[in-house]
Structure formats: C-alpha cells, structure tokens
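Asks: My questions are about this predicted structure, shown below with the sequence.
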Amino acid sequence: MSPFCDMGVLEQFIEPVGFADVSASVALLTCLGLSTLFVILLNAVSRKARDHPETMVRRMIVAVVVMPVVSIIVLTLLSSRDTTDKAMPLYEWLGFRTHRLWYAILCPIVLVTVGYGSEYLHRILNREPLLDVGDLLCLHGFRNIIAAPLAEEFVFRSCMLPLLLPHWSVTICVFLAPAIFGVAHLHLAWEAYRNGERIQRLILVACAQICYTTLFGAFSAFLFLRTGHFVACYLSHAYCNMLGLPNFGEIPAHPHKSVLMVGHVVAMVLFFGLLAPLTDVSLTGTQFSSYFVP
C-alpha cells in the first residue's frame, strides 16, 4: 500500500497501479465505509423533505462533489505501483479511457432500449410520449437523471469494483457491489418512516427497493467490468431513470394485454440473449478482460 509520499498524486493517475496489496477484508470494509459515509452525509445536510429544493441542491453537492473526491483520495491511498499485466493507471481503473468509447456509449443504449421494448410498446398503444425530455429542465429531473446516476455509478461502480475485483470472481463482484448499493438505499425507507408511513408498507417498500437496486446494480456492474468504461454504467442508469419502472400494474386491465405480455417476454429474452454477446471483451477491448480468464 502506497501513501502519498511514496508516489505523487499525479503519478498515481498515470503510472500503472493495482489493488492486490489490499486485503479482501480491507477492500470490503472500505466499500462498506464509503457506502455508509454516502448515506450519512446525504441525511446530514438537510432535515427537510427529500424533494424540497434546498435538500436536493445540498444532496447533489455532497453526491457529485464531496463523495467522488473522498473516494478518489481513498483509492489513491490504497493503490500501489504494479507491473503485472493486470495493472493500469488509476483513471483507467475508474473507467475513464478513450479506447472504444463510442462502443461504450452505444452498447448500454441498445441494451436498455431492448429491455424496455415492451414499455415503449405500452406507451405507443396508450399514445403516450416515448420519452419526457422535459424532466431534464426541472431540478427533480436533473437530480434523478443527471446527478444521482453520476454520483452513484462513480462511487458504487468505479471506486468499489477495482477494490473487489482482485479478491473475488467477476460473478461475485457483479452482485457484491450492487448488494452494498441496494442496502445504501434503505435511507429512503427511513425518510418515509419519518413522514409517517406505516411499518408494514415500509418493509415491503424496503425489500422491493433493495431487490430492484441490487438487480439493476448487477447489470450496471456487469457493464462496467465488460466495457471498462464509466460512461457505460452511467448512461444505463440515467436512461433507466428517465424511463422509470415498467408499468406492469396496468397490463391485466389493458385492452391489448396479450400483446403487452408477449412483448415483455420477447423483450426479456432479447435482453438476456444480447447481454453477453454485445459486451464480449473482443468488442469492448477492456483491460478488465484479464480478470475473466480462469
């Protein structure tokens, strides 16, 4: 483990480094620590409602500025000079590279569009707008589509996966970091409790929140490791937040319910069928590919 005096901050970003010297327990505790700090800071900056403008602005500053800086400092302190084939500059560990950037942008857009194909069909049948770009023009939409994905993907994907990857298999990493990400969203249930929500409903909401965020986080982590690009997981997160959750509850009473049910099945089959081929390392060319070799 190299402190700042061993290697300058700039050199940490340019010289090949690795995280193999960090023990598995320290790596896991660091991820849990960053997650806990994220939640504590979000709740400490304002006691007003989550959607109050003052709360949103303060939390966005914490999420987009404070937490990324803290996370980079932590990773810089934990990284060490490495000359193996799995070493790379810190900025590349974080997912910032130009190699096949165009593909890292295209790939998540295609996959999310396919996965949401039935939702698009639903909106077409209901004669609703396919996308509401106007959300970006309000503070609430900016938080959900720009700020939240930017902060969460950087901290929970870019900064945690490099620490976990040297110690666990890709499969474990794909679900371990998202599990931490999912638990970090429990503060939303606490906020609902403070607002007078019933305990029974809170438990259901909390379980659903953890399941959804963990499953989405697994997809995002998979994209990060397969493409090696931060922009891939960020775009997938932002795109999903823009579209929202699919409206499954309306299907049973919909006049075209059979078409929609078939559409959902086809969309899921296509999504999972294309997930591995479209993110194959032969297409993405990421250096993370060395971790996929047994």
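Replies: It's in. Numbers count the residues shown, from 1 in each chain.
Asks: any idea of the mean pLDDT for the strand or helix carrying A232?
Replies: A232 belongs to helix 230-243 when elements are defined using DSSP states H and E. Throughout helix 230-243, pLDDT has a mean value of 94.
Asks: name the helices or strands packed onto it?
Replies: helix 101-115, helix 148-153, helix 199-227 (3 or more Cβ pairs under 8 Å, 6 or more residues apart in numbering; DSSP states H and E). All C-beta spots, glycine's among them, are computed from the backbone N, C-alpha and C.
Asks: Enumerate the positions of the host helix or strand of P277 that are buried.
Replies: Here P277 sits within helix 257-278, counting by DSSP H and E. By neighbour count with 16 or more other Cβ atoms under 10 Å, helix 257-278 contains the buried residues L260, G263, H264, A267, F271, L275, L278.
Asks: tell me what that helix is packed against?
Replies: Packed next to helix 257-278, using 3+ Cβ pairs under 8 Å, 6+ apart, are helix 101-115, helix 117-125.
Asks: Quick check: mean pLDDT of it?
Replies: 94.
Asks: what about the stretch 101-250 of the chain, any weak spots by pLDDT?
Replies: Counting by pLDDT under 70, the ranges of the stretch 101-250 of the chain that qualify are 184-202, 205-206.
Asks: Tabulate the helices and strands packed on helix 230-243 in a markdown table, adding columns for distance to L137.
Replies: Converted to a markdown table, these look like this (distance: least, Cβ to Cβ, whole Å):
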| stretch | distance to L137 |
| --- | --- |
| helix 101-115 | 21 |
| helix 148-153 | 16 |
| helix 199-227 | 25 |
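Asks: closest one to P255 among the helices and strands packed on helix 257-278?
Replies: Set against P255 and scored by Cβ to Cβ, those come closest in helix 117-125, at 8.3 Å.
Asks: wait, which of the helices and strands packed on helix 257-278 is closest to P149?
Replies: For P149, the closest of these is helix 101-115, at 11.2 Å, according to Cβ to Cβ.
Asks: And the contacts of the closest one?
Replies: 120, 223, 227-229, 231-233, 235-236, 239-240, 243, 267-268, 270-271, 274-275, 278-279, 283-284 (Cβ atoms under 8 Å, 6 or more residues apart in numbering).
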